[in-house]
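> Okay, predicted coordinates and the sequence, questions at the end:
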Amino acid sequence: KALAHLDLCGAGLGAEAATRLAGALGGCKDFSHLGLGNNQIGAGGAGSLARALAGCTALEHLDMSLNQIGDKGARRVAAVLGRWKALSHLDLGSNLIGAEGAGRLAGALG
């Protein structure tokens, strides 16, 4: 059975671990839930994960709150946001996202 749900909130991953995790998740097409809140993955980790999850069309829930992704990370998430047609929950709270990043996310959401 394929992995569909992974919650690593508060696991202390950091950017390097997030990039490694992204490599492992890239082929998970049926993946539906990823919880990564409070891991300080930064913009680099957010970008790696967004690219890796771009093909996961079943993704319904993504929590990247409290990760200091900033505008750069928000832009990277926004770049693939339209591919996640099943997404119903996106948490990017407490990430130091400013007007530019919020604008990119809003544009991607339509």
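Arrived safely, thanks for sending. All of these numbers come straight from a predicted model, not from anything done at the bench.

> what separates the closest residue to Lys72 other than its chain neighbours from Leu105, distance-wise?
Nearest residue to Lys72, sequence neighbours excluded (C-beta to C-beta, 6 or more residues apart in numbering): Ala43, at 3.8 Å. C-betas here are computed from N, CA, C, even on glycine. Distance check for Ala43 against Leu105: by C-beta to C-beta, to the nearest Å, it reads 14 Å.

> remind me which residues of the chain are low pLDDT?
1 (pLDDT under 70).

> in it, which spans are strands?
5-7, 33-35, 61-63, 89-91 (DSSP state E).

> Now tabulate the ones you listed in CSV and tack on distance to Ala78.
Shown next, in CSV, are the strands of the chain (distance: least, C-beta to C-beta, whole Å):
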stretch, distance to Ala78
strand 5-7, 22
strand 33-35, 17
strand 61-63, 13
strand 89-91, 11
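
> can you put these in CSV and add mean neighbour count?
Below are the strands of the chain laid out as CSV (neighbours: other C-beta atoms under 10 Å):
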stretch, mean neighbour count
strand 5-7, 13
strand 33-35, 19
strand 61-63, 20
strand 89-91, 14
